[in-house]
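> what's the 3D shape of this:
(2 chains)
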Amino acid sequence: DAGITQSPRHKVTETGTPVTLRCHQTENHRYMYWYRQDPGHGLRLIHYSYGVKDTDKGEVSDGYSVSRSKTEDFLLTLESATSSQTSVYFCAIKGVGEVGYTFGSGTRLTVV
Amino acid sequence: KNQVEQSPQSLIILEGKNCTLQCNYTVSPFSNLRWYKQDTGRGPVSLTIMTFSENTKSNGRYTATLDADTKQSSLHITASQLSDSASYICVVSAEKGGGNKLTFGTGTQLKVEL
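As a prediction, this is how the structure comes out:
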């Protein structure tokens, strides 16, 4: 999607290992978000950021941490991956007015 | 608890036909309602955004309606095309001042067939 990229697109990792997902934006937006999408659930907010070094928890933040050292990058870390964290992870940025939210293409993470 | 419910869960229609997707919500305080289209393996893409005072908004063959009194919204797709096959997600916002309080529905999976 224009202005926002996620990496990697796919990852398989073992239980107990740390994993970091990256979200990069070129829009210079203040707000960035990490969501997870699971069957039978709507997208659920993990963490969000409202500026460099300013982050807050969402509704499903346990087991996850985030960092934002630059406006353009928002990192999501699974400190010790578990099978319950197998999911598709989406990053989003918030534009102004009716532009609304723009989502990345997602990272499919499998924890085995 | 804020909730967004969508119906039907899935739908199959023939190319060229119309269809209507439903969204009921219990989100407070209401700010706006968005419909997103999500293709398989991709992130959601915004179709429409509606505020409290708007009843209808169109985007090409997509027309969204909002009844803030009954807390219902619909997305009508006219003259469906194969490329309309996707998940359609209703998202209601209770945000104030930029903080993120979006509530997502689980989506309606639409398949358009020849």
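> contacting residues for the most centrally placed residue in chain A?
Residue closest to the average C-alpha location in chain A (C-alpha atoms, centre = their mean): residue A:34, at 3.0 Å. Contacts for residue A:34 were tallied using C-beta atoms under 8 Å, 6 or more residues apart in numbering or on different chains; they are A:21, A:23, A:45-48, A:58, A:64, A:66, A:74, A:76, A:89-91. For glycine as for every other residue, the C-beta is placed from the backbone atoms N, C-alpha and C.
> swap the cut-off to 10 Å and go again
Listed by C-beta atoms under 10 Å, 6 or more residues apart in numbering or on different chains, the contact set of residue A:34 reads A:6, A:21, A:23, A:44-49, A:55, A:58, A:60-61, A:64, A:66, A:74-76, A:89-92, A:104, A:107.
> buried subset of those residues?
Applying a neighbour-count criterion of 16 or more other C-beta atoms under 10 Å in any protein chain shown, the buried members of these are A:6, A:21, A:23, A:44-49, A:55, A:58, A:60-61, A:64, A:66, A:74-76, A:89-92, A:104, A:107.
> ok, and which of the residues you listed reach chain B?
Checking these against chain B by C-beta under 10 Å from any C-beta of the partner chain, the ones in range are A:6, A:44, A:45, A:48, A:49, A:58, A:90, A:91, A:92, A:104.
> tell me the bridge partners for the residue nearest to the centre of chain A.
Assessed by DSSP bridges, residue A:34 has beta-bridge partners residue A:47, residue A:91.
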